[in-house]
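**Q** Turn this into a structure:
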Amino acid sequence: MKRFFQGHIGPKLYRYYIYIMAAVILVLCLSPTALAVDNMWEVAHRIIVDVYNKIAGISTVLAGLMSAVAVVGAKLSNNQHKVDQAWDWLRRIWIAWAIINGIGAFISYVVPMFSGLATIT
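**A** Reported below is the predicted structural model:
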């Protein structure tokens, strides 16, 4: 094994080392430095608020649409079992909507309590 390494790979090892080091230096020289414009916590807060507002808006529209479908299904059905299922579905839709919006209310209540704790010194 020692002869194989010295005979085949050994003479090329210096050249491989030079290629690898040149690639490392090239990557380090050409990579731009990233400087943060805002505080990490402010950006995270802005992203969370934006995503939550979109989720709450979509859930409100879907809850209204699915509620209309459930009510129409309950009113147009002549089978009592299907009517009961439609009203159960409507109840689950509004419970899910209340939970989604309750999360936002809970977060907006809790965030001021942790306002001074998210600092790195």
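**Q** Where does pLDDT dip in the protein?
**A** 1-11, 34-37, 115-121 (pLDDT under 70).
**Q** Mind jotting down where the helices sit in it?
**A** Secondary structure of the chain (DSSP state H): helices at 2-4, 10-30, 40-76, 80-110.
**Q** Arrange those in TSV, one row each, with mean neighbour count as further columns.
**A** The C-beta positions use only the backbone N, C-alpha and C, and glycine is treated the same way. Shown next, in TSV, are the helices of the chain (neighbours: other CB atoms under 10 Å):
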stretch	mean neighbour count
helix 2-4	8
helix 10-30	10
helix 40-76	13
helix 80-110	13
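**Q** Kindly confirm whether my reading is correct that Trp94 touches Ser67.
**A** Yes - under the criterion of CB atoms under 8 Å, Trp94 makes contact with Ser67 at 7.1 Å.
**Q** Distance of Tyr16 relative to Val27?
**A** 17 Å (CB to CB, to the nearest Å).
**Q** quick one: contacts for Met21?
**A** Under the criterion of CB atoms under 8 Å, 6 or more residues apart in numbering, Met21 has no neighbours.
**Q** same question, Trp94
**A** Residues near Trp94 by CB under 8 Å, 6+ apart: Ala63, Ser67.
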